[in-house]
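J.: With the sequence up front, the predicted model follows.
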Amino acid sequence: MGVEVVERRVARAGHDRGMSLPTATLGRTGATVTKLGYGAMELRSSRLDPGEVDRLLNTVLDAGINMIDTSPDYGSSEEHIGRAISGRRDEYFLASKCGCPVGEGIGEVPPQGIREHIFTRENVRAGVEQSLGRMRTDHLDLVQFHASPSPSTLADHDAVAELLALRDEGKIRFLGISGTLPHLPDQIAMGVFDAFQIPYSAVERDHEDAISTAAEAGAGTIIRGGVARGMPEPRAGMPEQYQQMMRERRERFENTDISDLLGDMTPMEFMLRFTISHPDMHTTIVGTKNPDHLAANIAAASNGPLPADVYEAAKQRFS
């Protein structure tokens, strides 16, 4: 199905059902964001058809999604965003990352695992400047340290000071971090981050309490992995640690009987609405380059959180 058909379907569904995406305030940023955001990792390839990508990203905005998250690590993602929707810059909250290798456009994970991140002041600034140019904007709403660096790593490089300097120059508005255990509690305790990007889903609940801790500290919470990337099969060449993680999540989902909880929901709708049901999540970023999947995500998120009893039952099942 082409993007034009999806555009008509989204518009028709919104008209027929009064569909609208739920929103939340992103912590102390004060920004109102849709609880369904768009994660641009799937736009990392430079070989994607520019016209299709442009229509997809404009459909994202036309559907009311106003939170877009990307990273220099995501290959050509930033260039696609700049080309497609920089002319609509006032319609979305734009988040990217820093500490990533600068000047590398591939964005692929090397065979040995995660790409090396560098948190020197020089690399932090170079990354932000690169993102501004690629996305054709004069400011980023949120810049997040990527790969969950420890507070001591950030202190060793005086990295936070560089983001503060960029904020004072008007090039960024808020500071954030893509945080995971074991460093996340200490990152929250630093008190300098306006938002945290945290993994959470029905099959990955290790950070469930940390999301509440971050929100209670006044920070915005951005959830990633909320639909577990569609529970895909591991790809050849993917680092073994990721393959094993994906196998475990898939097995956990397949081995948990939620048939009586689904009602008329698809498993994917259930996964997305489970994530939205966390009382302290503000937005969840879901990525796709497939127009059908985008339309399905919008329809699912528009249905809002799961009923409270279903959410609690699901948490018990996935314990």
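T.: Here it is on my side, so go on.
J.: quick one: the residue of the chain most remote from its centre from L163, how far?
T.: In the chain, counting by CA atoms, centre = their mean, D260 sits farthest out from the average C-alpha position, at 29.5 Å. Distance of D260 to L163, computed by CB to CB, to the nearest Å: 48 Å. Any C-beta I mention is one placed from the backbone N, CA and C, and that applies to glycine too.
J.: Can you list the low-confidence ranges for the stretch 151-300 of the chain?
T.: The stretch 151-300 of the chain contains residues with pLDDT under 70 at 228-239, 242.
J.: for the stretch 101-250 of the chain, what spans make up the helices?
T.: For the stretch 101-250 of the chain, helices defined by DSSP state H, counting those that start in this stretch occupy the ranges 121-134, 151-157, 159-168, 184-189, 208-216, 240-254.
J.: Just say helix, strand or coil for Y38.
T.: Classification of Y38 by DSSP: H, G, I helix; E, B strand; the rest coil places it in strand.
J.: Give me the distance between it and Q144.
T.: The gap separating Y38 from Q144 is 16 Å, by CB to CB.
J.: picking that back up, helix or strand for the residue farthest from the centre of the chain, which one?
T.: Here D260 is covered by helix 259-262, with elements defined by DSSP states H and E.
J.: ok, and for that helix, which residues are buried?
T.: For helix 259-262, the neighbour count (16 or more other CB atoms under 10 Å) marks L261 as buried.
J.: go on, stretch 92-107?
T.: Y92, F93, L94, A95, S96, K97, C98, G99, C100, P101, V102, G107.
J.: For the residue nearest the centre of the chain, which non-adjacent residue is closest in space?
T.: Taking CA atoms, centre = their mean, the centroid of the chain lies closest to I285, which sits 3.3 Å from it. Leaving aside its sequence neighbours, I285 sits nearest to G39 (CB to CB, 6 or more residues apart in numbering; 3.6 Å).
J.: can you check I118 too?
T.: Per CB to CB, 6+ apart, closest to I118 is G99, 6.3 Å.
J.: Correct me if wrong: that neighbour contacts A159.
T.: Yes: because the distance of 7.3 Å satisfies CB atoms under 8 Å, G99 is recorded as touching A159.
J.: Would you mind measuring from the residue lying closest to R252 once chain neighbours are set aside to H157?
T.: Nearest residue to R252, sequence neighbours excluded (CB to CB, 6+ apart): V203, at 4.6 Å. Distance, V203 to H157, by CB to CB: 35 Å.
J.: Then I81?
T.: Distance from I81 to H157, by CB to CB: 28 Å.
J.: Neighbour count: those two, which is higher?
T.: Remark: of I81 and H157, I81 carries more neighbours, 27 against 19, as counted by other CB atoms under 10 Å.
J.: isn't the more buried one right next to L56, touching?
T.: No: checked against CB under 8 Å, the pair I81 and L56 is beyond contact range at 11.0 Å.
J.: Quantify the burial of the residue nearest to R252 by counting its neighbouring residues.
T.: 19.
J.: when you give positions from now on, start the count at 30
T.: Yes, from this point I'll number from 30; that puts the last item at V232.
J.: elements contacting the helix holding D289?
T.: helix 337-346 (3 or more CB pairs under 8 Å, 6 or more residues apart in numbering; DSSP states H and E).
J.: orientation of the helix it packs on relative to helix 237-245 in degrees?
T.: In terms of direction (axes from the mean of the first three to the mean of the last three CA atoms, to 10 degrees), helix 337-346 departs from helix 237-245 by 130 degrees.
J.: can you pull the buried residues of helix 337-346?
T.: Result for helix 337-346 [16+ other CB under 10 Å]: buried residues V339, Y340, A343.
J.: which other residues reach that helix?
T.: A231, R234, T285, D286, I287, L290, F299, F303, S306, P334, L335 (CB atoms under 8 Å, 6 or more residues apart in numbering).
J.: hmm, try it at 6 Å
T.: Applying CB atoms under 6 Å, 6 or more residues apart in numbering, the contact partners of helix 337-346 are T285, I287, L290, F303, S306.
J.: Dump the helix or strand containing I314 to PDB, restricted to CA.
T.: Following DSSP H and E, one finds I314 within strand 312-315. The C-alpha trace of strand 312-315 is given here as PDB (Å, rounded to 0.1, in the frame of the first residue of the first chain):
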ATOM      1  CA  THR A 312       5.900   9.500  25.100                       C
ATOM      2  CA  THR A 313       7.000   6.300  23.400                       C
ATOM      3  CA  ILE A 314       9.000   6.400  20.100                       C
ATOM      4  CA  VAL A 315       8.000   3.800  17.600                       C
END
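J.: in its sheet, what does it sit against?
T.: If you go by DSSP bridges, strand 312-315 pairs up with strand 65-68 (parallel), strand 249-253 (parallel).
J.: would you list those strands in a markdown table and tack on mean neighbour count and distance to M164?
T.: Formatted as a markdown table, the strands paired with strand 312-315 follow (neighbours: other CB atoms under 10 Å; distance: least, CB to CB, whole Å):
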| stretch | mean neighbour count | distance to M164 |
| --- | --- | --- |
| strand 65-68 | 28 | 14 |
| strand 249-253 | 26 | 18 |
